[in-house]
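S.K.: no FASTA, just this:
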Ligand SMILES: Nc1ncnc2c1ncn2[C@@H]1O[C@H](COP(=O)(O)OP(=O)(O)O)[C@@H](O)[C@H]1O
Ligand SMILES: CC(C)(COP(=O)(O)O)[C@@H](O)C(=O)NCCC(=O)O
C-alpha cells in the first residue's frame, strides 16, 4: 500500500523544540515554523493511501500533496486528539451533573470547528481538505461542512437594507439564524437545515436547503465566523456562532497575495462558471479580460479588502490556530493557542 506519511522517526531524532519568535512567554500562542510543525507528522498514525490521495484530488481543489502531508495531516491528528479530550471533558461534566444534566446531558455532542479568513485566502480549500482528512478517523467518520454564505440575507432584503455593496460584511448576514443553526446542531437535534447561497445566481436559492443530521464533527466556514457577539439589549448576554466552536482556524496571508489570488480565481471563473447562461457574472465574459479584471479590482478595493481590514483581520487573535500562507499558498508559519 503506498502512503504519503513518512515512517515514525527513530527515538534518536526528536522533533525540534518549538521556538518562540518575538513573543513573550505571556503570549497565548506558541509559534511554529513550517519545519517544526511538519516534524510533528511523524506522530500521526493515519497515513494517506494512494486511493485517498486520488480522492482528495477529486475534490477539484488545487492541492499540493507535500502541503497535505506537512501541514494538514498533523492538523488532522491534533484535531483528533482535541475531539477525544473534549469528549473526556464532557464525560466529566456529565458525571458532575448526573440527573441534573437533563436527558443524557451532552452525549454525542458534535465537535464544532470554525474556519475564518478573507475572501479568496483559501478557506474553502482548507475546510474541504479538513473534512476529508477528519472523516478518515474511525472515532469521527461523519463530518459535515457548512458555509456561512447560506446565512447572507437574500438580495431583496440586502437591497431593502441598503447593503448590496456590503455583501460579506457582518451586517449582511442573518447572524441570529446562523448562531441558532449551530446551537441546534450542537444540541443534538436530529435534523437541522440551513439555507443555500449560489455564486451562480449571486443570491440565496429559494426552496433549497442543506440538512445536517447529527454529525460527529461540524465545520463552519466563513469570513466572519470569529466575530464577537453583538451587544445584548437590557444587559442580556448574546452568544455569537464562535461561542459554540471547540476549535477554530484562521487562514492568513499578505493582503497583496490574497488580492492576486482573488483576481486569479476571477480570471479562471470567467473562463468556466461565468460562461453558464444563468450566471450573474455572464456579462464579464462578453467584455475584454482587462475590463473584466478592472471590475474585479473594483470589488476587491471597495468591498473585500475593506471587509478584511475592518472586520475579518481583527478577529485573527481569537482563533485556536493561525495558518500563515506565503505567496504560493504554502503555509510558512503556524500559531497555536496555548490552553
Ligand atoms: N493550497 C492551495 N494551493 C493552491 N491554490 C490554492 C490553495 N488554496 C486555495 N487556492 C486557490 O486560491 C483561490 C481561493 O481559494 P478558495 O478556497 O476558493 O478561497 P475562499 O474560500 O477563502 O474564498 C482559488 O483560486 C483556489 O484554487
Ligand atoms: C459570498 C461571500 C460573501 C463569502 O461568503 P462566506 O465566507 O460567508 O461563506 C463572498 O465570497 C462574496 O461573494 N463577496 C461578495 C463580493 C461581491 O459583492 O461580489
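M.R.: It's in. Note that this is a predicted model, so its numbers are computed, not measured. Numbering: from 1, shown residues only. Ligands and ions are numbered 1, 2, ... in the order given.
S.K.: use CA for all of it now, contacts and neighbours both
M.R.: Will do.
S.K.: what about the most centrally placed residue in the chain, which helix or strand?
M.R.: Centroid check for the chain by C-alpha atoms, centre = their mean gives residue 115 as the closest residue, at 2.1 Å. Assigned by DSSP states H and E, residue 115 falls within strand 111-117.
S.K.: Can the following helix or strand past that strand be said to contact ligand 1?
M.R.: Once the chain leaves strand 111-117, the next helix or strand it forms, by DSSP H and E, is helix 123-134. Yes. Applying C-alpha under 6 Å from any ligand atom, one finds helix 123-134 touching ligand 1 at 123-125.
S.K.: Spatially, and excluding backbone neighbours, which residue is closest to the residue in the stretch 201-339 of the chain positioned nearest to ligand 1.
M.R.: Across the stretch 201-339 of the chain, no residue is closer to ligand 1 than residue 265, which sits at 4.1 Å (C-alpha to the nearest ligand atom). Counting by C-alpha to C-alpha, 6 or more residues apart in numbering, residue 120 is the residue found nearest to residue 265 once chain neighbours are left out, at 7.8 Å.
S.K.: Equivalent analysis for residue 121, please.
M.R.: Excluding the flanking residues, the one nearest residue 121 by C-alpha to C-alpha, 6+ apart is residue 258, at 5.5 Å.
S.K.: My read is that that neighbour contacts residue 123, right?
M.R.: No. With contact defined as C-alpha atoms under 8 Å, residue 258 does not count as touching residue 123 (11.5 Å).
S.K.: which residues touch the residue nearest to the centre of the chain?
M.R.: By C-alpha atoms under 8 Å, 6 or more residues apart in numbering, the contact set of residue 115 is 123, 127, 219-222, 225, 248-251.
S.K.: give me that answer again for 6 Å
M.R.: By C-alpha atoms under 6 Å, 6 or more residues apart in numbering, the contact set of residue 115 is 221, 248-250.
S.K.: Same question for residue 225.
M.R.: Going by C-alpha under 6 Å, 6+ apart, the list of residues near residue 225 reads residue 116.
S.K.: A strand includes it, no?
M.R.: No. Residue 225 is assigned coil when assessed by DSSP: H, G, I helix; E, B strand; the rest coil, not a strand.
S.K.: Can you tell me which residues in the stretch 1-150 of the chain are near ligand 1?
M.R.: 61-63, 118-125.
S.K.: Just give me the closest of those to ligand 2.
M.R.: For these, the nearest to ligand 2 is residue 119 (5.5 Å; C-alpha to the nearest ligand atom).
S.K.: do you know how far that closest one is from residue 307?
M.R.: The spacing between residue 119 and residue 307, counted by C-alpha to C-alpha, to the nearest Å, is 9 Å.
S.K.: ok, now residue 74?
M.R.: Taken as C-alpha to C-alpha, the span from residue 74 to residue 307 is 31 Å.
S.K.: Kindly report the same for residue 293.
M.R.: For residue 293, the distance to residue 307 - C-alpha to C-alpha - is 20 Å.
S.K.: And those two? Which one has more around it.
M.R.: residue 307 (22 against 18; other C-alpha atoms under 10 Å).
S.K.: Spatially nearest residue to that one (excluding sequence neighbours)?
M.R.: Per C-alpha to C-alpha, 6+ apart, closest to residue 307 is residue 169, 6.0 Å.
S.K.: got the residues of the chain near ligand 2?
M.R.: Counting by C-alpha under 6 Å from any ligand atom, the chain comes close to ligand 2 at 119, 147-149, 165, 167-168, 222-223.
S.K.: helices or strands up against the longest strand seen in the chain?
M.R.: For the chain, the longest strand by residue count, based on DSSP state E, is strand 203-212. For strand 203-212, the helices and strands in contact under the criterion 3 or more C-alpha pairs under 6 Å, 6 or more residues apart in numbering; DSSP states H and E are strand 192-198.
S.K.: The strand it packs on and ligand 1 in contact?
M.R.: No. Legend: contact between strand 192-198 and ligand 1 by C-alpha under 6 Å from any ligand atom is lacking; minimum distance shown is 13.5 Å.
S.K.: Give the buried residues for that strand.
M.R.: By neighbour count with 16 or more other C-alpha atoms under 10 Å, strand 192-198 contains the buried residues 192, 194-197.
S.K.: With stretch 316-326 instead?
M.R.: For stretch 316-326, by 16+ other C-alpha under 10 Å, it's 316, 318-325.
S.K.: again, but for stretch 234-251
M.R.: 239-251.
S.K.: want to throw those residues into CSV with distance to residue 208, pLDDT and secondary structure?
M.R.: Shown next, in CSV, are the buried residues of stretch 234-251 (distance: C-alpha to C-alpha, whole Å; pLDDT from 0 to 100; DSSP: H, G, I helix; E, B strand; the rest coil):
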residue, distance to residue 208, pLDDT, secondary structure
239, 27, 95, coil
240, 25, 96, coil
241, 22, 97, helix
242, 25, 98, helix
243, 27, 97, helix
244, 25, 98, helix
245, 26, 98, coil
246, 29, 98, coil
247, 29, 98, strand
248, 28, 98, strand
249, 28, 98, strand
250, 29, 98, strand
251, 29, 98, strand
